[in-house]
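Trainee: My questions concern the predicted model and sequence given below.
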Amino acid sequence: MTGKIWFVGAGPGDPDLMTVKARKLLEQSGAVLFAGSLVDQAATLYAPDGCEIRDSKDMTLDEMTDWLIAQARQHQTVVRLQTGDPGLYGALIEMTQPLTAAGIEWAVVPGVSSAMASMAAAGETLTLPEVTQTVILTRVAGRTPMPPGEDLESLAAHKTTLCIYLSITLLHKVQAALLAAGWSEDSPILVVQKASWPGEEKIIRGTIRDIKQKCQAEKVGSQAMIVASPTLGAADWPDLIRSKLYDPAFTHRFRKASALTEPDSAEKNAEHNAAHPLENPIA
Ligand code: SAH
């Protein structure tokens, strides 16, 4: 018998943010290899008695794949538990290739990524009608270089929501790239450390100018998400452009527009933009 290896997203930290599928797999697992302290709790909470549980932090990639293969030869269900979603900065394919080569079946279970958890923690939205409809998930170059055309300055030029992983120790590079891309020093920045961790989450709000000092003052130097977005702070905007989907004047598959239609949305939005030229500080 050879079992199957599941690459499971554990979510951002709060065990309640794990998917039902992830939890079911843990409950039936014979062995769990977990990545780092973030998902330690989830593994120990749900894995059955007698399950082989191993932290991968001191292992090389070869050691991890050897361990997974050895476990799959003994157990039907083997879980590789990773933070957030396994497909984001998770060395996923490096691990699956040797498994395929060894003839071992594997599959991926997605997880709630820390970008989504960070925005949720702060009561913020990733997209807003006519402000930005695009989210870029990225990082700045550390020891891993960025491929050509993906430097933060180029990406920031789109003025979309930027969720910046793995970069809290390189906040100065983030500041410099945003400014070089034309964002104003007053543009809001959000940093969330340990998003969704019960009792440990920290939410820091600042601007490009002061975010670094604020993070230093709060001792936020690891396990943090940086978000730069023209949507930040929208909860306090007095006159928001609403989604067309819920507009009374908008007909769609499940609802007919009401007879008393609102002014044309384009007209309304043009009026809104004229009335609030500064609401989006980077516009
Ligand atoms: N696969 C993970 C990302 C792994 S890379 C995911 O989808 O979230 C590790 C980086 O993710 C960290 O440097 C940090 O930027 C971010 N991160 C992971 N968990 C986090 C959390 N709970 N709160 C804030 N950032 C987190």
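Mentor: Everything's here; your move.
Trainee: and this structure, what are its domains?
Mentor: Structural domains annotated on the chain: 4-109, 114-235, 238-279, as defined by automatic domain parsing.
Trainee: Including mean neighbour count, could these go into a markdown table?
Mentor: All C-beta atoms are positioned from the backbone trio N, CA, C, and that covers glycine. As requested, those are exported to a markdown table (neighbours: other CB atoms under 10 Å):
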| stretch | mean neighbour count |
| --- | --- |
| domain 4-109 | 18 |
| domain 114-235 | 18 |
| domain 238-279 | 12 |
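Trainee: Of those domains, which is nearest the ligand?
Mentor: Closest approach to the ligand among these is made by domain 4-109 (2.0 Å; CB to the nearest ligand atom).
Trainee: Would you mind giving the domains of the chain as JSON lines with mean pLDDT added?
Mentor: Shown next, in JSON lines, are the domains of the chain (pLDDT from 0 to 100):
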{"stretch": "domain 4-109", "mean pLDDT": "93"}
{"stretch": "domain 114-235", "mean pLDDT": "97"}
{"stretch": "domain 238-279", "mean pLDDT": "62"}
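Trainee: Determine the three-state secondary structure at the residue nearest the centre of the chain.
Mentor: Nearest to the geometric centre of the chain sits Ala115, at 2.4 Å (CA atoms, centre = their mean). When classified by DSSP: H, G, I helix; E, B strand; the rest coil, Ala115 comes out as helix.
Trainee: Please verify my assumption that it contacts Leu137.
Mentor: Yes. Applying CB atoms under 8 Å as the test, Ala115 and Leu137 come out as touching, 5.9 Å apart.
Trainee: which neighbours do those two share?
Mentor: 163, 165 (CB atoms under 8 Å, 6 or more residues apart in numbering).
Trainee: re earlier: identify the residues contacting the residue nearest to the centre of the chain.
Mentor: Listed by CB under 8 Å, 6+ apart, the contact set of Ala115 reads 126, 135, 137, 163, 165, 225, 227.
Trainee: which of those residues sit farthest apart?
Mentor: Using CB to CB, the pair of these lying farthest apart is Leu126 and Tyr165, separated by 14.3 Å.
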